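[1] Build me a model:
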Amino acid sequence: MRGRVIAGFCYGQNTQTPQWAHSYRHVIARDSVTSRRIIGELPHEASGVHIPDARNRIVQDFLDHAAKPDWLWMFDTDASFGPDVLDRLIASAHHKDRPIVGALAFGVRIMQDENGREMYAPTLEAPIELFPTIYYMEPNGNGTVIDWDYPKDTLMRVHSTGCHCVLINRSVLEDPRWKDDGHPLPWFRTQYTPNKVISEDSFFYFKAGSFGYPVHVDTSIKTGHVKTFVAGELMYDMGRPKPEPAAPAPVVESGGIKIAMLT
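    Below is the predicted model of the structure:
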């Protein structure tokens, strides 16, 4: 479906990555000589606990825009993507049947031990794991579960995802039910349950779903997630295939020092 698009994003002083800037420039360049869908952008400076407020301001500014754009393209400034990402999101979306479509994205977190503690080594390196931001509601309604075995290159319906790179139709955001409870953060807010903290993104998707707006992720539309980490032997070992057990290397002594010889 064709339609006018506004790009909206939150940024902090140190969160606008070069990879994101490169990706965004190429999308803008492609759009300017092809479909010319993008009619403006809504950047808001925010980080950490202030992100929900910024996301809400982006939505309100989108709805107040004089041109009444059809789609809000929301993304993070640590995302990377191809120049055709917006075209592909538009192609997968539909104003009624698929009014919310996200690209495939991955979160990064430090692995935890059996007691739930993050596994830092004395060198402050830590094993990390990637997880797809594809979520379903737990049966008891107190949180989400990750779809670790998501289908590749598929447009799939989900309960929640992130806002790493997502396209949202105007009809979803202008629904008056968002403001029924009078909360100052109608669309995005952190929510606390007995067992978990529900992120502002999941709050948005769960609420949209409760209003009857389906949420989809197109796993054929890929994005990257720019991160920094401490590199060391722990991460090196985790990224290598486990070798078959081999016979011990011959050891010789030289000057009282044991040396393993190459075989």
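
[2] Now residue 96: closest residue in space, sequence neighbours ignored.
    Nearest non-adjacent residue to residue 96, counting by CB to CB, 6 or more residues apart in numbering: residue 171, 7.8 Å away. C-beta here means a position set from N, CA and C on the backbone, and glycine is covered the same way.

[3] try residue 138
    In space, residue 138 comes closest to residue 145 once its chain neighbours are excluded; the distance is 5.8 Å by CB to CB, 6+ apart.

[4] The one you found in helix, strand or coil?
    strand (DSSP: H, G, I helix; E, B strand; the rest coil).

[5] show me the contacts for it.
    135, 136, 137, 138 (CB atoms under 8 Å, 6 or more residues apart in numbering).

[6] So which elements touch the longest strand along the chain?
    The residue-count maximum for a strand in the chain (DSSP state E) belongs to strand 215-225. The helices and strands touching strand 215-225, judged by 3 or more CB pairs under 8 Å, 6 or more residues apart in numbering; DSSP states H and E, are strand 79-81, helix 85-92, strand 100-104, strand 106-110, strand 155-158, helix 200-210.

[7] Could you name the helices and strands sitting against the longest one?
    Taking 3+ CB pairs under 8 Å, 6+ apart as the contact definition, the neighbouring helices and strands of helix 200-210 are helix 51-64, strand 215-225.

[8] mind putting the ones you listed in JSON lines, distance to residue 74 included?
    Output for the helices and strands packed on helix 200-210, formatted as JSON lines (distance: least, CB to CB, whole Å):
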{"stretch": "helix 51-64", "distance to residue 74": "7"}
{"stretch": "strand 215-225", "distance to residue 74": "13"}
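
[9] Most tightly packed of these?
    Ranked by mean neighbour count, those are led by strand 215-225 with a mean of 21 (mean count of other CB atoms under 10 Å).

[10] Now rank the contacts of residue 145 by neighbours and give me the top one.
    Comparing the contacts of residue 145 by number of neighbours (other CB atoms under 10 Å), residue 135 comes first, having 24 neighbours.

[11] picking that back up, out of the helices and strands packed on strand 215-225, which is closest to residue 22?
    Closest to residue 22 of the helices and strands packed on strand 215-225 is strand 79-81 (CB to CB; 7.4 Å).
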